[in-house]
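A.B. asks: What shape does this take:
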Amino acid sequence: MKLVDKQTHIDVLFIAEGTYPFIKGGVSTWIHQIITGMRDLNFGVLFLGSRPEDYKGIGYELPDNLVYLEAVYLFSEEENVQTEKAERESERVRLLRIFLDDRAFEEHWQEVVSFSYFNEVSYEDFLYSKNSWELIEELYEELEIDVPFVDYFWTMRNLFAPLFVVAKLGMTLEKKEIGLIHSPSTGYAGFLGSLMSREYKIPFIVTEHGIYTKERKIDILNAKWIGVQYRYLSKKYDIDTLRKLWIKMFVNLGKISYYTAMEVFSLFEDARKQQIGWGCPSEKTRVIPNGVDVDRLSKLLEKRPKEIPKVVSLIGRVVAIKDIKTFIKAMSLLCQQLPEAEGWVVGPEDEEPEYTQECKELAKILGVENRVKFLGFQKIDDILPKTGVFTLTSISEGMPMTVLEAMASGVPCVTTDVGSCRQLIYGGLNQEDVEIGKAGEVVPVGDAIGLAKAYYELLTNEEIWKSCQRAGLERVQRFYRFDKFIENYRSVYRKYLGK
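C.D. replies: Predicted coordinates for the structure are as follows:
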């Protein structure tokens with residue numbers, strides 16, 4: 001579905017999987033910042049979503065230099081399910097096994113990352129051909145799958161169907177004049193970028209905010225939708241086998257992006273090392289940190305009250321990977337010592353509605369439903385001046401923009417030890433960064449007691465609070481300015497666009 005097409009050249013085409021412009025969050029904000037920060041370039045966005053009903057609409061005011069926007073849904077039955085058997089069948093459908101077979105992957109991955117493959121092997125081939133059925137049967141036996149065949153069968157369908165969807169999309173863009181493809185993730189977005197780059201000889205780069213393969217692994221291990229058929233059986237079974245199939249798929253999709261991309265960026269050094277561990281050639285890797293508008297955010301200091309507000313704010317989506325439940329537990333402990341304290345959960349609640357409901361029920365069970373408030377999406381300019389401590393309790397992150405924004409606004413931070421949080425709060429870029437001092441505290445993932453203790457110390461000790469505030473302000477001013485971030489990417493784009 002094309003939403004914007006100004007019939008002009010595209011300097012940089014973003015392939016956004018589940019993010020901009022329909023979902024607000026760190027990656028979406030990052031894309032929006034780059035587009036609005038380089039008004040002299042034309043940008044396009046291919047949005048890859050799950051199903052149309054999973055999104056409420058565009059969440060950003062689209063910039064004038066966004067000249068192309070198309071949304072495609074990977075699991076939309078209306079668009080993608082065919083009803084007729086193919087007239088011809090290709091034996092090459094069997095090459096799909098490379099995504100689940102490491103040896104075959106390294107030998108044959110380039111044969112699949114090709115439009116000629118998807119021209120020969122149709123979606124109908126995959127859905128209905130005898131060769132496809134035999135492949136699924138063979139893998140069931142070879143991989144010693146120990147779950148009912150019906151669940152395994154639909155897992156295979158869902159694993160591979162998006163490949164055909166994105167390949168079809170890529171083929172429709174043949175006549176578009178595109179200077180550079182930039183994917184903020186690997187996965188299906190990276191696969192599409194790899195296809196288009198190889199077929200149309202367009203430079204392709206990747207920036208990972210968190211490590212996509214790692215985060216999808218976390219999602220899959222916590223997913224409740226895998227193996228849904230078991231509830232109808234008299235005997236339950238272990239669905240770990242199905243999870244392993246999904247994980248293997250995403251590991252190999254990640255490698256395709258790494259092998260094909262000209263350069264692969266990360267936001268901090270530990271992430272770069274993880275990319276290498278997941279299969280990225282080290283010579284392709286490079287770190288470009290995020291940046292925030294320090295000048296604008298620092299003005300929020302003028303709106304702050306003289307006393308430290310007894311408010312702990314968590315700004316982020318209400319989803320499992322953000323571990324809102326641990327935040328609620330920490331607030332329950334904090335309120336036992338500091339009854340007037342409040343915890344604000346600031347972010348959209350519609351992405352995982354069942355998890356949101358579980359969080360609200362937990363607050364009631366712990367007796368803090370009046371102290372932990374779910375505020376939905378809000379402007380940070382309205383929230384941060386009223387916040388005493390900013391917190392992030394995630395189980396996985398990259399370089400969270402919200403931590404930088406809080407520090408630039410003069411708010412000390414307490415986070416879990418994920419992504420670049422330790423580097424942001426304690427310093428880690430160099431010795432100069434370390435000597436600035438700490439801008440808050442970092443605790444282990446899931447440590448509600450440690451979070452509560454850190455909240456209490458900062459909210460009740462003005463000397464420590466001011467020291468952390470000063471360090472945060474100085475760190476973002478020196479190392480994480482928006483203009484420096486934009487210039488870093490402008491130099492990358494200039495390298496491939498020649499402008």
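A.B. asks: Strands along the stretch 301-450 of the chain, start to end?
C.D. replies: With strands called from DSSP state E, counting those that start in this stretch, the stretch 301-450 of the chain shows them at 311-315, 342-346, 372-374, 389-392, 413-416, 440-443.
A.B. asks: I'd like those as TSV, with mean pLDDT, mean neighbour count and distance to residue 118 appended.
C.D. replies: C-beta: built from backbone N, CA, C; applies to glycine. TSV is the format used below for the strands of the stretch 301-450 of the chain (pLDDT from 0 to 100; neighbours: other C-beta atoms under 10 Å; distance: least, C-beta to C-beta, whole Å):
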stretch	mean pLDDT	mean neighbour count	distance to residue 118
strand 311-315	98	26	41
strand 342-346	98	23	43
strand 372-374	98	20	44
strand 389-392	98	28	41
strand 413-416	98	27	42
strand 440-443	98	23	46
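A.B. asks: Columns distance to residue 325 on top of the ones you listed, output as CSV?
C.D. replies: Shown next, in CSV, are the strands of the stretch 301-450 of the chain (distance: least, C-beta to C-beta, whole Å):
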stretch, distance to residue 325
strand 311-315, 11
strand 342-346, 11
strand 372-374, 11
strand 389-392, 13
strand 413-416, 13
strand 440-443, 15
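A.B. asks: Out of those, which gets nearest to residue 146?
C.D. replies: Nearest to residue 146 among these is strand 413-416 (34.7 Å), distances taken as C-beta to C-beta.
A.B. asks: so residue 57 sits right up against residue 22, yeah?
C.D. replies: Yes - judged on C-beta atoms under 8 Å, residue 57 makes contact with residue 22 at a distance of 7.0 Å.
A.B. asks: With neighbour numbers in mind, choose between these two.
C.D. replies: residue 22 (19 against 6; other C-beta atoms under 10 Å).
A.B. asks: Assumed that one was part of a strand.
C.D. replies: No - per DSSP: H, G, I helix; E, B strand; the rest coil, residue 22 lies outside any strand segment and is coil.
A.B. asks: residues contacting it?
C.D. replies: 47, 49, 55-59, 71 (C-beta atoms under 8 Å, 6 or more residues apart in numbering).
A.B. asks: Most neighbours among the residues you listed, which one?
C.D. replies: residue 47 (24 neighbours).
A.B. asks: Now do the contacts for that one.
C.D. replies: 16, 19-22, 69-72.
A.B. asks: same thing but 7 Å
C.D. replies: The contact partners of residue 47, by C-beta atoms under 7 Å, 6 or more residues apart in numbering, come to 16, 22, 71.
A.B. asks: Over to residue 314?
C.D. replies: 327, 344-346, 391-393.
A.B. asks: Which one of the residues you listed is nearest to residue 187?
C.D. replies: Closest to residue 187, out of all of the contacts of residue 314 and judged by C-beta to C-beta, is residue 392, at 23.3 Å.
A.B. asks: Low-confidence regions, the stretch 1-150 of the chain specifically.
C.D. replies: 77-88 (pLDDT under 70).
A.B. asks: that older thread, now render the contacts of residue 314 as CSV, adding distance to residue 31.
C.D. replies: Converted to CSV, those look like this (distance: C-beta to C-beta, whole Å):
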residue, distance to residue 31
327, 27
344, 26
345, 24
346, 21
391, 25
392, 21
393, 25
